[in-house]
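no FASTA, just this:
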């Protein structure tokens, strides 16, 4: 379609005065994952898909799942 | 942490009267991807990560990237 997607993650992260490590810790991923997401590797397609899902379903990403207590397992 | 994540995608999709194929077409993925996301395979961790990113960065998933016209390439 002649469109390319560019990550805005680094820009958003810096706007919050967070290092890659800070953000990684807050999200629960490895800092290398943050680096890859910021370099448009591997993550950008994920962001686009989730954005489309949320648009079509008129929901936020946190609506896509529920958290259950598994301590009884 | 004693917490498990369960997909709510099937519930949200049915709430919009969409088949798996309808949703797949709208999102631009294969119907098997929708099935996997609904079965908590492969996609749920993605949803959780994007939800955390959006929470920390106070943004929506569509803020995580920008779309550029690549027709000049």
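Done, it's in. Not measured: the values here are computed from a predicted model. Numbering: from 1, shown residues only, chains lettered A, B, ... in the order given.

Beyond the longest helix along chain A, next helix or strand please.
Of all the segments of type helix in chain A, defined by DSSP state H, the longest one is helix A:44-57. Going down the chain from helix A:44-57, the next helix or strand is strand A:65-69, by DSSP states H and E.

got the angle for the longest helix of chain A vs strand B:65-69?
100 degrees (axes from the mean of the first three to the mean of the last three C-alpha atoms, to 10 degrees).

is helix A:44-57 anywhere near chain B?
Yes: legend: contact between helix A:44-57 and chain B by C-beta under 8 Å from any C-beta of the partner chain is shown at A:44, A:46-57. Glycine gets a C-beta too; all of them are placed from N, C-alpha and C.

Please enumerate residues in contact with that helix?
A:5-7, A:37, A:59-61, A:63-64, B:9, B:12-13, B:15-16, B:18, B:23, B:26-29, B:46-47, B:50, B:60-62, B:64-65 (C-beta atoms under 8 Å, 6 or more residues apart in numbering or on different chains).

From those, list the buried ones, please.
Buried members of the contacts of helix A:44-57, counted by 16 or more other C-beta atoms under 10 Å in any protein chain shown: A:5, A:7, A:37, A:59, A:61, A:63-64, B:9, B:12-13, B:18, B:23, B:26-27, B:29, B:46-47, B:50, B:61-62, B:64-65.

re the thing from before, using a markdown table, lay out the residues of helix A:44-57 next to chain B together with pLDDT.
Formatted as a markdown table, the residues of helix A:44-57 next to chain B follow (pLDDT from 0 to 100):
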| residue | pLDDT |
| --- | --- |
| A:44 | 86 |
| A:46 | 86 |
| A:47 | 91 |
| A:48 | 92 |
| A:49 | 92 |
| A:50 | 94 |
| A:51 | 95 |
| A:52 | 95 |
| A:53 | 95 |
| A:54 | 96 |
| A:55 | 96 |
| A:56 | 96 |
| A:57 | 97 |
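
In TSV, list these along with distance to residue A:71.
As requested, the residues of helix A:44-57 next to chain B are exported to TSV (distance: C-beta to C-beta, whole Å):
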residue	distance to residue A:71
A:44	36
A:46	30
A:47	32
A:48	36
A:49	32
A:50	29
A:51	33
A:52	35
A:53	30
A:54	30
A:55	35
A:56	34
A:57	30
